[in-house]
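Enquirer: Sequence and predicted model, in that order:
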Amino acid sequence: MAQLVIFRHGQSVWNLENKFTGWVDVDLTDKGREEAKNAGIKLKGFHFDLGYASDLKRAQDTLKIALEQSGQPDLAVTYNKALNERMYGDLQGLDKAETAAKFGDEQVKIWRRSYDIAPPNGESLKDTAARVIPYFESEIIPKLKAGKNIVIAAHGNSLRALIMYLEKMTPEQILEFEIGTAVPRLYEVDAEMNVLKATNI
């Protein structure tokens, strides 16, 4: 059996400012760093063999702070853009309220909450899953099957893709699934990658 823990980065500057962030590389807020510390406190007592984060510093910094708090500051960590947040295209950097005023509430809701409709020049959740899942299957699953315990810090939508895959959710179910900032979710899996347990820590 192996353990997989995943969590979203702590609050970022653009989360606070209510902007579409996507692939823009913004920093954590002070609150975000505190959230990362709290995640690390929850992970005390866990032993990880490997860590993964996206190519964006808000996820990398969250993981680093959490690992320091949990007592594993020297864990080997791999960064990869396959785990990046959904690319929001033309919406990146726009205030969410202003975007709704510009395009209409209904259109923005479709972009944010549909599975396969992308914003202009951006990705849908389906597009995001198409890069997250192959990376997970090729890079991470073999290690879990070998009994390695793994921790991943990523983003709301890249984690939605992963949770949908692990928990066999429908697009409708995953779009309603809320992922809080820096809340670790624990999976226990067997050698065949059957999920034996899935719970927030």
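Expert: On my side now, so go ahead.

Enquirer: Report the contact partners of residue 158.
Expert: Taking C-beta atoms under 8 Å, 6 or more residues apart in numbering, we find residue 158 in contact with 54, 83-86, 128, 132. For the C-beta atoms, the positions are set from N, CA and C on the backbone; glycine is no exception.

Enquirer: Top of those residues by number of neighbours, please.
Expert: Within the contacts of residue 158, most neighbours by other C-beta atoms under 10 Å means residue 83, with 29 neighbours.

Enquirer: Wait, that one touches residue 135, no?
Expert: Yes: if you go by C-beta atoms under 8 Å, residue 83 and residue 135 touch, sitting 6.9 Å apart.

Enquirer: related to what we said a few turns ago, make TSV out of the contacts of residue 158 and add secondary structure.
Expert: Shown next, in TSV, are those (DSSP: H, G, I helix; E, B strand; the rest coil):
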residue	secondary structure
54	coil
83	helix
84	coil
85	coil
86	coil
128	helix
132	helix
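
Enquirer: Make JSON lines from the residues you listed and add pLDDT to it.
Expert: As requested, the contacts of residue 158 are exported to JSON lines (pLDDT from 0 to 100):
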{"residue": "54", "pLDDT": "98"}
{"residue": "83", "pLDDT": "98"}
{"residue": "84", "pLDDT": "98"}
{"residue": "85", "pLDDT": "98"}
{"residue": "86", "pLDDT": "97"}
{"residue": "128", "pLDDT": "97"}
{"residue": "132", "pLDDT": "98"}
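
Enquirer: Show me which of those residues is closest to residue 143.
Expert: Closest approach between these and residue 143, by C-beta to C-beta: residue 83, at 14.8 Å.

Enquirer: Neighbours of the residue nearest to residue 146 when sequence neighbours are not counted, how many?
Expert: Leaving aside its chain neighbours, residue 146 sits nearest to residue 2 (7.8 Å; criterion: C-beta to C-beta, 6 or more residues apart in numbering). The number of residues packed near residue 2 is 18, by other C-beta under 10 Å.

Enquirer: Right, I'll call it a day here.
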